[in-house]
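Peer 1: Show me the folded form of this:
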Amino acid sequence: PTTKVHVLADVLGRPAVIHLTPGNASDVKTAPAVIGAAPGRLKRLIADRGYDADQLRRALKASGTTPVIPGTRSRKRPIRYDRRRYRERWRIEAAFCRLKDFRRVATRYDKLAANYASAVALAAIVAFWC
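Peer 2: Alright, predicted model coming up:
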């Protein structure tokens, strides 16, 4: 079974929210659940093109969060976003690389999603808070 790990990280790149979904789940449809679990109010959300949707942008702006998400190439009108801030996305990529240093997370030994989610959470605790 394939799974996707969605992570919301803080400014330092430490995972604040870890959410597991089936592998075929859309990033845009999962985003509200991940953002809703965030501790406190988000100032800005830096995400890749997989999170490009007008509905998500409107919801973020309504909650006072600045979306820093580039538009997909198929958009008729290009989306304006802060390119300088978008460069900070490396932090979440580095967080995923750090989590995948743990063999159990990288190879997904666990058959059950609950066990895999626990392994990812333990890896995050050891990697970022110990």
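
Peer 1: For this structure, which segments count as strands?
Peer 2: 3-9, 15-22, 44-46, 66-68 (DSSP state E).

Peer 1: now the ones you listed in TSV, with mean pLDDT and mean neighbour count?
Peer 2: C-beta here means a position set from N, CA and C on the backbone, and glycine is covered the same way. Output for these, formatted as TSV (pLDDT from 0 to 100; neighbours: other C-beta atoms under 10 Å):
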stretch	mean pLDDT	mean neighbour count
strand 3-9	94	18
strand 15-22	95	17
strand 44-46	96	18
strand 66-68	96	19
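
Peer 1: wait, which of these is closest to residue 91?
Peer 2: strand 3-9 (6.0 Å; C-beta to C-beta).

Peer 1: Of all the helix elements in the chain, which one is longest?
Peer 2: helix 113-129 (DSSP state H).

Peer 1: now what about it, what contacts it?
Peer 2: By C-beta atoms under 8 Å, 6 or more residues apart in numbering, the residues outside helix 113-129 that reach it are 1, 3, 5, 14-15, 18, 20, 95, 98-99, 101-102, 104-105, 108-110.

Peer 1: List the buried residues for it?
Peer 2: Residues of helix 113-129 classed as buried: 116, 117, 119, 120, 123, 124, 127, 128 (neighbour count, 16 or more other C-beta atoms under 10 Å).

Peer 1: Looking at these, which is nearest residue 43?
Peer 2: Looking across the buried residues of helix 113-129 and measuring by C-beta to C-beta, the closest to residue 43 is residue 128, at 20.4 Å.

Peer 1: do you know how far the residue of the chain positioned farthest from its centre is from residue 130?
Peer 2: Relative to the C-alpha centroid of the chain, counting by C-alpha atoms, centre = their mean, residue 76 is the outermost residue, at 25.9 Å. Remark: distance between residue 76 and residue 130 (C-beta to C-beta, to the nearest Å) = 48 Å.
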